[in-house]
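**Q** Provided below are the primary sequence and the corresponding predicted coordinates.
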Amino acid sequence: MLLSKDPLNVIIGGVGGQGNVLASQILGEMLVSQGYVMTIGETYGASQRGGAVMSHLRISSRNQFSPLIPEGQCDLLVALEPVEGLRILAYYGNPGVMTLLNTRPIHPMEVISGDAAYPEVSEVIAKIKELSRRVWTLNATEIALEMGDPIFSNIVMLGALSAMEVLPIHRQGFESVITDLLPSRTLDENMKAFDQGREVVEELHE
């Protein structure tokens with residue numbers, strides 16, 4: 001698969017504890033194994049307390065680029081949390097951006113303590129659709145919870161991403177990377193999470 005742009009600029013964004021950085025590491029290694037040149041930059045809020053975490057991945061067939069994506073230059077957003085996704089699109093989005101969205105919100109401490117209100121999720125999703133050329137949605141957190149642990153939601157999202165066919169990634173490459181990267185005892189569950197995310201997007205294509 002040829003890249004639609006070079007570099008292709010991908011942002012994975014969410015909040016602390018969602019496995020954002022691990023997802024970007026796995027995706028980066030999958031693409032490097034395909035022969036692509038990767039530059040990855042991370043930005044953190046108060047990540048230990050559920051603050052914003054964002055990974056910038058710049059994918060090229062030949063060149064190394066600066067690690068942070070310029071304003072308005074995101075081509076593909078993987079949003080692990082709706083409001084974080086909307087925030088990222090406001091700064092990095094453009095009319096051509098594609099978005100993969102985990103629809104399950106995570107309420108920050110201000111909302112939990114009653115000092116702030118979380119916006120209506122349906123309105124956030126509608127706004128993300130307005131700001132994106134194309135949007136794929138799934139409740140990755142719910143799928144992971146059904147497996148017994150919300151920690152797998154980032155892997156569910158990677159499976160969904162593979163089915164969108166906008167990046168040259170596939171199941172075999174994922175299995176190869178996580179075999180090297182993660183404990184062998186988690187292999188079956190990670191493969192199951194990847195497959196379930198993939199199935200959701202494949203059904204959307206039907």
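**A** Right, received. Where do you want to start? Just so it is clear, the structure is predicted and the values come from calculations on it, not from any experiment. Numbering: from 1, shown residues only.
**Q** Spatially central residue in the chain, please.
**A** Closest residue to the average C-alpha location of the chain: Val78 at 3.0 Å, with C-alpha atoms, centre = their mean.
**Q** what's the neighbour count on the nearest residue to that one once chain neighbours are set aside?
**A** Closest residue to Val78 apart from its sequence neighbours, by C-beta to C-beta, 6 or more residues apart in numbering: Ile12 at 4.5 Å. C-beta coordinates here come from the backbone N, C-alpha and C atoms, glycine included. Per other C-beta atoms under 10 Å, the neighbour tally for Ile12 reads 30.
**Q** what are the phi and psi values for Ile12?
**A** Backbone geometry at Ile12, expressed as degrees, to the nearest 10, gives phi -110, psi 120.
**Q** how about it, what does it touch?
**A** Contact analysis of Ile12 by C-beta atoms under 8 Å, 6 or more residues apart in numbering lists 20, 23-24, 27, 54-55, 57, 78, 80.
**Q** From Lys129, how far out is it?
**A** 19 Å (C-beta to C-beta, to the nearest Å).
**Q** Then Gly14?
**A** Taken as C-beta to C-beta, the span from Gly14 to Lys129 is 19 Å.
**Q** can you give me the strands for the chain?
**A** Using DSSP state E, the strands of the chain run over residues 8-15, 37-44, 52-60, 76-79, 98-102, 134-138.
**Q** would you turn those into TSV with distance to Asp149 and mean pLDDT?
**A** Shown next, in TSV, are the strands of the chain (distance: least, C-beta to C-beta, whole Å; pLDDT from 0 to 100):
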stretch	distance to Asp149	mean pLDDT
strand 8-15	16	95
strand 37-44	23	87
strand 52-60	19	93
strand 76-79	20	98
strand 98-102	15	97
strand 134-138	17	96
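**Q** got a markdown table for those, with distance to Leu181 too?
**A** As requested, the strands of the chain are exported to a markdown table (distance: least, C-beta to C-beta, whole Å):
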| stretch | distance to Leu181 |
| --- | --- |
| strand 8-15 | 16 |
| strand 37-44 | 14 |
| strand 52-60 | 15 |
| strand 76-79 | 18 |
| strand 98-102 | 21 |
| strand 134-138 | 23 |
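**Q** out of the ones you listed, nearest to Pro67?
**A** Closest approach to Pro67 among these is made by strand 37-44 (3.0 Å; C-beta to C-beta).
**Q** Okay, buried residues for that closest one please.
**A** 37-42 (16 or more other C-beta atoms under 10 Å).
**Q** nearest spatial neighbour of Arg134, skipping sequence neighbours?
**A** Using C-beta to C-beta, 6+ apart, the closest residue to Arg134 is Met98 (4.8 Å).
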